[in-house]
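Undergrad: With the input below, show me the fold.
(2 chains)
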Amino acid sequence: MTALPGSGRRTEPIATRFAYGEALVELGHENPRLVVLEADISKSTQTQHFAKAFPERFFQMGCAEANAMVAAAGLATTGKIPFVSTYAVFGSMRACEQVRSFVAYPRLNVKIAVSHGGVTSANDGPTHQGTEDLGIMRTIPNLTVIVPADYYATKKLVHAAALLEGPVYLRFTRDPVPIIYGPESDFTIGKGVRLREGSDVTLVAIGDLVAIALEAAEQLGARGLSAEVIDMHTLKPLDGELVLRSAEKTRRVVAIEDHQINGGLGSAVAEVLSENLPTPMRRIGLRDTFAESGEYRLLLKKYGLDAAAVMRAVEQLM
Amino acid sequence: MTATPETITCLQAQARQIRKDIVTMIHAAHSGHPGGSLSAADIVTALYFHFMRVDPARPRWEDRDRFILSKGHACPVWYACLARRGFFPVEQLLTLRKIDSLLQGHPDMLKTPGVDMTTGSLGQGLSAAVGMALGLKLDQKLARVYVVLGDGELDEGQVWEAALSAAKYRLDNLLVCVDYNNLQLDGPCDQIMPVEPLAAKWEAFNWQVFEMDGNDMPQIVNTIEAALQVHGRPAVIIAHTVKGKGVSFMENDCHWHGRAPDDEQYAQAIRELEMAL
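TA: The predicted structure follows:
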């Protein structure tokens, strides 16, 4: 897939859930084994397009996420590739034990594909902001955890997840996030992407906050600091080698995620560093607090998830 | 598939063997759940030795009928039926719950040949069965999905989520038996969490409901045969059973929900089951 000049290459911010909705339809055409289970929010998760294109392979399970999750497990035993869609809070917490014991433990080929990750569900408030999901999903054996940073990364990583034999948790945004990649960009599950080379500090980010890391790197550059930026789209298995290689060079690391500072990317990076190459680091994330209703950008600012917060963290490390 | 008197006699003898296996393996393991395994022994025997199309040489055969023991703690009855049906050597039964065994304390589909779904945490099996039944229908397969639900796990809300979805999708390739022995871990179901009127509940969820004595082989065979004729909706059989059935001191006693017999109790249990042979 190459983008010709003027071929409609996206430049405007767009929510990654829209890329998911498109990828599902593409996959539906490619693979008759693909099925989708939805929990009454198809207009929001964007599974509505698959529902229209492949009604016989779309199962509307109602507001009953626990049942949907284990039904997906049952479908997987018959050779189907089920994508279960809901919001991050429900996919990872309402149906948490279902994911653990009936998807991950039997290593069934279920893709848990959730929208409204982190504070991107902004105005809906904390009941709909999935800010603990990554930490919870990361502790479950056999499960791959992926958070794409933009529209193009989402397209590619949803396709890659469909090809991976085994359970995957994929998290998307409700609100628009900037375009970072192009249609030609390639991704390998389990391999982070070095978006920017630098020598003074490593900014390792995931999901919607990869754009924030890039923004911070720009601003650091203006101050004469050279920041390396890594998009760690696969939280698990973590590309520890990439983190270590970068930390060896910069000796300073900031982990940046739209998630609680406990359990997610910051924790995963700290684990790798402390066991192999103890390195001064800071974690950007919700500081053990629930957020609130509000505009996405304003939430990032108020809860210390914006570029200014990253700059402060870097200053502390210098 | 009308059962002759000889078939019934054969199934009854098989069920007695399964009961001996259950008691023997739990005694060897020093732990496990005899009460609910014994109560379901006749139903699971009828399924594996009369109704289900399975091939022990090909445990993952795509066209096979599936079985899910939603009350996964009663897995000794499943393991005994699978072993006697030829899925793995009968001697393996003595490794139940031991390290490196094929036979986990609760069913594990990756470890045990013939186990179609991992279960153990209650209230989940029917949801998995709904998914299987949907998948089989999508592939236009004639295979069926059989589920044994415990009565205690009917307390779990997810069972009723699954019941709604099975009715929505008119899953007539799905047959559920509720092992209604009216005893759960802490005591009688009607005291712990009353589920009555149970038949009316399933009917209200748009299921076709049957009732039977779940420890009476002729009734089991006839009722399952009738339930398999249902078209356009899922069917449930409320099987009235006796917890611990076949071992006098275990019958109707919730203390035998999850306890292994000691050597003396084991000897007595085997004596009783052999006298019945």
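Undergrad: Just the residues contacting stretch B:24-38, thanks.
TA: Outside stretch B:24-38, the residues within contact range by CB atoms under 8 Å, 6 or more residues apart in numbering or on different chains are B:19, B:22-23, B:71, B:73-77, B:79-80, B:93-94, B:96-98, B:103, B:105, B:150, B:179, B:181, B:183, B:243-247, B:250, B:253-254, B:256-261, B:263, B:266, B:270. For glycine as for every other residue, the C-beta is placed from the backbone atoms N, C-alpha and C.
Undergrad: quick one: contacts for the residue in the stretch 151-300 of chain A positioned nearest to chain B?
TA: Nearest to chain B, among the residues of the stretch 151-300 of chain A, is A:G166, at 12.0 Å (CB to the nearest CB). Residues near A:G166 by CB under 8 Å, 6+ apart: A:R107, A:N109, A:N142, A:T144.
Undergrad: and the second one, how many residues sit next to it?
TA: Which is A:N109. A count of nearby residues for A:N109, using other CB atoms under 10 Å in any protein chain shown, gives 21.
Undergrad: isn't there a helix covering it?
TA: No. Counting by DSSP: H, G, I helix; E, B strand; the rest coil, one finds A:N109 to be coil, located in no helix.
Undergrad: That one reaches A:T78, doesn't it?
TA: No. Taking CB atoms under 8 Å as the definition, A:N109 is not a contact partner of A:T78, at 10.6 Å.
Undergrad: How is the residue of the stretch 101-250 of chain B at minimum distance from chain A assigned, secondary-structure-wise?
TA: The minimum distance from the stretch 101-250 of chain B to chain A, using CB to the nearest CB, falls at B:G131 (2.3 Å). With three-state DSSP as the basis, B:G131 sits in helix.
Undergrad: where's the nearest residue to it once chain neighbours are set aside, which helix or strand?
TA: Closest residue in space to B:G131, ignoring its immediate chain neighbours: A:G74 at 2.3 Å, by CB to CB, 6 or more residues apart in numbering or on different chains. In this assignment (DSSP states H and E), A:G74 forms part of helix A:65-77.
Undergrad: Check A:S246 too.
TA: A:S246 belongs to helix A:240-250, assigned by DSSP H and E.
Undergrad: Could you report the neighbour count for the closest residue to chain B within the stretch 101-250 of chain A?
TA: Nearest residue of the stretch 101-250 of chain A to chain B, counting by CB to the nearest CB: A:P106, 4.2 Å away. Neighbourhood size, A:P106 [other CB under 10 Å]: 23.
Undergrad: Now it. Nearest residue, chain neighbours left out?
TA: B:T118 (4.2 Å).
Undergrad: And the one you found, how close does it get to A:V70?
TA: 10 Å (CB to CB, to the nearest Å).
Undergrad: Next secondary structure element downstream of the helix ranked longest in chain B?
TA: Longest helix in chain B, counting residues (DSSP state H): helix B:5-29. Downstream of helix B:5-29, the first helix or strand assigned by DSSP H and E is helix B:34-39.
Undergrad: Take that following helix, keep the C-alpha atoms, and write them as CSV.
TA: This file holds the C-alpha atoms of helix B:34-39, laid out as CSV (Å, rounded to 0.1, in the frame of the first residue of the first chain):
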residue,chain,number,x,y,z
PRO,B,34,-17.2,-36.2,44.7
GLY,B,35,-20.8,-35.0,45.4
GLY,B,36,-21.4,-33.1,42.1
SER,B,37,-19.4,-35.6,40.1
LEU,B,38,-21.6,-38.5,41.3
SER,B,39,-24.9,-36.6,40.8
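Undergrad: Any idea how far the helix or strand just after it is from the middle of the chain?
TA: Using DSSP H and E, the next helix or strand after helix B:34-39 towards the C-terminus is helix B:41-46. Centroid separation between helix B:41-46 and its chain, computed with CA atoms, centre = their mean, to the nearest Å, is 7 Å.
Undergrad: again with stretch A:28-42
TA: 20 Å.
Undergrad: go on, stretch A:188-205?
TA: So, by CA atoms, centre = their mean, the centroid of stretch A:188-205 is 15 Å from its chain's centroid.
Undergrad: and if you look at stretch A:145-153?
TA: 5 Å.
Undergrad: Check stretch B:128-135 too.
TA: With CA atoms, centre = their mean as the basis, stretch B:128-135 stands 17 Å off its chain's centre.
Undergrad: what's that stretch in contact with?
TA: Taking CB under 8 Å, 6+ apart as the rule, stretch B:128-135 contacts A:35, A:59, A:67, A:70-80, A:82, A:102, B:66, B:68, B:70, B:116-117, B:119, B:145, B:147, B:162, B:165-166, B:169, B:171, B:173-174, B:176.
Undergrad: Per-residue pLDDT of B:A276, please?
TA: Looking at B:A276, its pLDDT reads 79.
Undergrad: Listing request: residues of chain A with sub-threshold pLDDT.
TA: Residues of chain A that meet the criterion pLDDT under 70 lie in A:1-7.
Undergrad: In it, mark out all the strands, start to finish.
TA: With strands called from DSSP state E, chain A shows them at A:34-38, A:58-60, A:81-87, A:111-115, A:144-146, A:168-171, A:193-196, A:201-205, A:227-231, A:234-236, A:253-260, A:281-286.
Undergrad: near chain B, which residues of the stretch 1-150 of chain A show up?
TA: A:35, A:56-57, A:59, A:61-62, A:64, A:66-67, A:69-80, A:82, A:97-98, A:101-102, A:105-107 (CB under 8 Å from any CB of the partner chain).
Undergrad: can you rerun that using 6 Å?
TA: Contact residues (CB under 6 Å from any CB of the partner chain) of the stretch 1-150 of chain A with chain B: A:61, A:64, A:66-67, A:70-71, A:73-75, A:77-78, A:80, A:101-102, A:105-106.
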